[in-house]
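>>> Next one to model:
(chains A and B)
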Amino acid sequence: MELDYIMGIMPALIDGTKETLKIFCFTLLFALPLALPISMSAISRFWPLKALAKIYIWVFRGTPLMLQIFFFFYCLPMLTPIKLDRLSTAIFTFVLNYAAYFAEIYRGGIESIDRGQREAAKSLGFSRWQTMYLIIIPQAVRRVIPPVSNEVITLIKDTALVYVIGVPELMKAAKDANNRDVDPTAYFIAALIYLALTFILTMISRQLERRYSRHERKDAV
Amino acid sequence: MAILEIKQVKKRFGHDVDALDDVSLSVAEGEAVAIIGSSGSGKSTLLRSVNNLERVSGGEIVIDGDVLVHTDESGNVQYPPDREIRRICTKTSMVFQHFNLFPHLSCLENVTLAPVKILKKSKEESAAKARELLEIVGLSQKADSYPDQLSGGQKQRIAIARALAMDPQIMLFDEPTSALDPEITNEVTRVIEDLVRRRMTMLIVTHDMRFARDAASRVVFMDSGRIVEQGPPKQLFEHPESERLQEFIRSYQG
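Take a look at the predicted model:
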């Protein structure tokens, strides 16, 4: 591992990291909000909506992410007039996949809130919708932060899968360098970059947990 | 005129369990009615039916002239549309055994949330009223605390303030002291007794016989989904007529 060699491959790895972060950020930007209506549908009393949400979640959690990436890359242009570039296809797939996981986490969070909360809200005259956004969701947010953080960290690593359709992200940049130079140094550096990213995410999630659990501390006045 | 009229209310869970079996009860304004009876006698179910937390299987409930539910000639139970039910139910306020305060809101916010969102009062007006109510329950210093920082007795007093903030015509208490340690039930019963003096109309499901005897204006004894006996507390506790009530009172005297 020579410093000159490392400096030589760094620009490509940094470009790859930028692509990785693009997939990561866009996925969160769309999947986190999209999961909310899906989770609400999954607990809806209107059965067609509920069935639809359940099937959606089943399909996207029940098949490999890699398969979904291939499916949308090859089948989307064949079956629909939609033409997406490689990066957009990757983001599209990740959004749909992660929304399913997030929706299940939200559903669990919402259902974990004590029945007494709904009863108190109902007896005060809140509608179902008001109860949801004023009382249930604010409490559920805090409970879903740890599992959502877990998924977010998994997402950073999952982005490596999209090298299979040739998106020039970090994993592909490392693989290309290794193939070209027959030198695994690039893999080593890529690993360090992934570790740095997951470290930062872990810190952020810890901060969020602390912020949202403020009212639960008995000692604070 | 009665402010609460319950006529021949039935409630069936599943096929053959009658939680309420033709219960009729009329409550006048300013009355404090204690409902006693062993677990499973239907007393909580009756209270929850008045607040629409349970849907009845038959009968009629009229709150302050508004029909919450009635049953037509062919036996169909009729509830008005949701919006109308919510309007009628804001005439009653419920205090729960397990408090059910909103843990993500401060005590003051717990009390002001419903007046602001449902009665559409201004934040300032609701906060001023809330502070008055916290004063009444003796917890004005806890306005900015969160429920998890309070003891059980304090939580229940906040819950009472939250219920009062909706200006209900009837207060419903579902075993308000059953989840509390014996030595702190007093701080809650004192608040309820204060409401009795203020002539608040109340329905109180309770296991606290001392409270029922000393504070209530009428005591209703329920057993197996029916009202077996009712009357002034003195009469009921000193001269119980039915064998079932005699047994029940003996069990409390140990």
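>>> Residue 64: how many residues sit nearby?
Using chain A. 11 (other CB atoms under 10 Å in any protein chain shown). (Glycine included, C-beta is placed from N, CA and C.)
>>> not what I meant, chain B
By other CB under 10 Å, 16 other residues sit near B:Asp64.
>>> and it, backbone torsions?
Backbone torsions for B:Asp64, taken as degrees, to the nearest 10, come to phi 50, psi 40.
>>> In this structure it contacts B:Gln169, no?
Yes. Between B:Asp64 and B:Gln169 a contact is recorded at 5.4 Å, counting by CB atoms under 8 Å.
>>> what's the overlap in contacts for the two?
B:Ile3, B:Lys91 (CB atoms under 8 Å, 6 or more residues apart in numbering or on different chains).
>>> distance of B:Leu4 from chain A?
B:Leu4 sits 15 Å away from chain A, going by CB to the nearest CB, to the nearest Å.
>>> contacting residues for that residue?
B:Leu25, B:Ser26, B:Val27, B:Val50, B:Ile61, B:Val62, B:Ile63, B:Asp64, B:Ile170, B:Thr201, B:Leu203.
>>> so of those residues, which ones are in strands?
In strands, judged by DSSP state E, the following of the contacts of B:Leu4 are found: B:Leu25, B:Ser26, B:Val27, B:Ile61, B:Val62, B:Ile63, B:Ile170, B:Thr201, B:Leu203.
>>> My read is that B:His207 contacts B:Ser178, right?
Yes. The pair B:His207 / B:Ser178 is scored as a contact, 5.7 Å apart, by CB under 8 Å.
>>> Near residue 77, how many residues? Count them for me, please.
You didn't say which chain, so I picked chain A. 13.
>>> actually it's chain B I care about, not the one you picked
By other CB under 10 Å, neighbour count at B:Val77 equals 15.
>>> now it, nearest residue through space, not along the chain?
Spatial nearest neighbour of B:Val77, excluding adjacent residues (CB to CB, 6 or more residues apart in numbering or on different chains): B:Thr71 at 5.3 Å.
>>> Quick check: phi and psi on that neighbour?
Per degrees, to the nearest 10, the backbone of B:Thr71 is at phi -120, psi 130.
>>> any idea how far it lies from A:Leu32?
B:Thr71 is 48 Å from A:Leu32, where distance means CB to CB, to the nearest Å.
>>> ok, now which ones touch whichever residue of the stretch 151-254 of chain B sits closest to chain A?
Proximity of the stretch 151-254 of chain B to chain A (CB to the nearest CB) peaks at B:Met166, 6.3 Å away. The contact partners of B:Met166, taken as CB under 8 Å, 6+ apart, are A:Leu124, A:Gly125, B:Thr90, B:Ser93, B:Ala114, B:Pro115, B:Ile118, B:Leu119.
>>> OK, contacts around the fourth one?
With contact taken as CB under 8 Å, 6+ apart, B:Ser93 is in contact with A:Ser123, A:Leu124, B:Ala163, B:Leu164, B:Met166, B:Pro168, B:Ile170, B:Met171, B:Leu172.
>>> my read: B:Lys155 touches B:Phe99, true?
Yes. The pair B:Lys155 and B:Phe99 passes the contact test of CB under 8 Å, sitting 4.4 Å apart.
>>> any shared contact partners between those two?
By CB under 8 Å, 6+ apart, the residues touching both B:Lys155 and B:Phe99 are B:Pro147.
>>> ok so, going back, take the contacts of B:Leu4 and write them to a markdown table, including pLDDT and distance to A:Phe60.
Below are the contacts of B:Leu4 laid out as a markdown table (pLDDT from 0 to 100; distance: CB to CB, whole Å):
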| residue | pLDDT | distance to A:Phe60 |
| --- | --- | --- |
| B:Leu25 | 96 | 54 |
| B:Ser26 | 96 | 57 |
| B:Val27 | 97 | 55 |
| B:Val50 | 96 | 45 |
| B:Ile61 | 97 | 47 |
| B:Val62 | 96 | 51 |
| B:Ile63 | 96 | 48 |
| B:Asp64 | 95 | 52 |
| B:Ile170 | 96 | 50 |
| B:Thr201 | 97 | 54 |
| B:Leu203 | 97 | 50 |
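>>> residues near A:Phe102, how many?
24.
>>> just the one 3 residues further on next, same as before
When neighbours are counted by other CB under 10 Å, A:Ile105 registers 20.
>>> what helix or strand is it on?
helix A:86-111 (DSSP states H and E).
>>> That helix near chain B anywhere?
No. Using CB under 8 Å from any CB of the partner chain, we find that helix A:86-111 stays clear of chain B, coming within 12.9 Å at best.
>>> what's that helix packed up against?
helix A:3-42, helix A:47-62, helix A:65-79, helix A:137-158 (3 or more CB pairs under 8 Å, 6 or more residues apart in numbering or on different chains; DSSP states H and E).
>>> Switch those helices over to JSON lines; also include distance to chain B and mean pLDDT.
What follows is the helices and strands packed on helix A:86-111, written out as JSON lines (distance: least, CB to the nearest CB, whole Å; pLDDT from 0 to 100):
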{"stretch": "helix A:3-42", "distance to chain B": "18", "mean pLDDT": "94"}
{"stretch": "helix A:47-62", "distance to chain B": "19", "mean pLDDT": "96"}
{"stretch": "helix A:65-79", "distance to chain B": "34", "mean pLDDT": "92"}
{"stretch": "helix A:137-158", "distance to chain B": "5", "mean pLDDT": "93"}
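>>> Quick check: which of those is nearest to A:Arg210?
helix A:137-158 (9.8 Å; CB to CB).
>>> What residues of the closest one count as buried?
Neighbour counts over helix A:137-158 (16 or more other CB atoms under 10 Å in any protein chain shown) mark A:137-145, A:147-149, A:151-153, A:155-156, A:158 as buried.
>>> what does that helix rub up against?
A:20, A:24, A:27-28, A:32, A:65, A:94, A:98, A:101-102, A:105-106, A:108-110, A:112-113, A:117, A:194, A:197-198, A:201-202, A:205, A:208-209, A:212-213, A:216, B:102-104.
>>> same deal with stretch B:38-51?
By CB under 8 Å, 6+ apart, stretch B:38-51 touches A:123, B:4, B:6, B:9, B:11, B:19-21, B:23, B:25, B:35-37, B:54-56, B:61, B:63, B:68, B:89, B:92, B:94, B:170, B:172-175, B:203, B:205, B:222-226, B:248.
>>> what about it, distance to the chain center?
Computed by CA atoms, centre = their mean, to the nearest Å, the separation of stretch B:38-51 from the middle of its chain amounts to 10 Å.
>>> Just the C-alpha atoms of that stretch, please, in PDB.
Output of stretch B:38-51 as PDB, limited to C-alpha atoms (Å, rounded to 0.1, in the frame of the first residue of the first chain):
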ATOM      1  CA  SER B  38     -67.800  -7.200  42.300                       C
ATOM      2  CA  SER B  39     -65.600  -7.500  39.200                       C
ATOM      3  CA  GLY B  40     -67.500  -8.500  36.100                       C
ATOM      4  CA  SER B  41     -70.800  -7.200  37.400                       C
ATOM      5  CA  GLY B  42     -71.000  -4.800  34.500                       C
ATOM      6  CA  LYS B  43     -70.400  -1.500  36.200                       C
ATOM      7  CA  SER B  44     -67.500  -0.400  34.100                       C
ATOM      8  CA  THR B  45     -69.200  -1.500  30.900                       C
ATOM      9  CA  LEU B  46     -72.200   0.600  31.900                       C
ATOM     10  CA  LEU B  47     -70.000   3.700  32.400                       C
ATOM     11  CA  ARG B  48     -68.100   3.100  29.200                       C
ATOM     12  CA  SER B  49     -71.400   2.800  27.200                       C
ATOM     13  CA  VAL B  50     -72.300   6.300  28.300                       C
ATOM     14  CA  ASN B  51     -69.100   7.600  26.900                       C
END
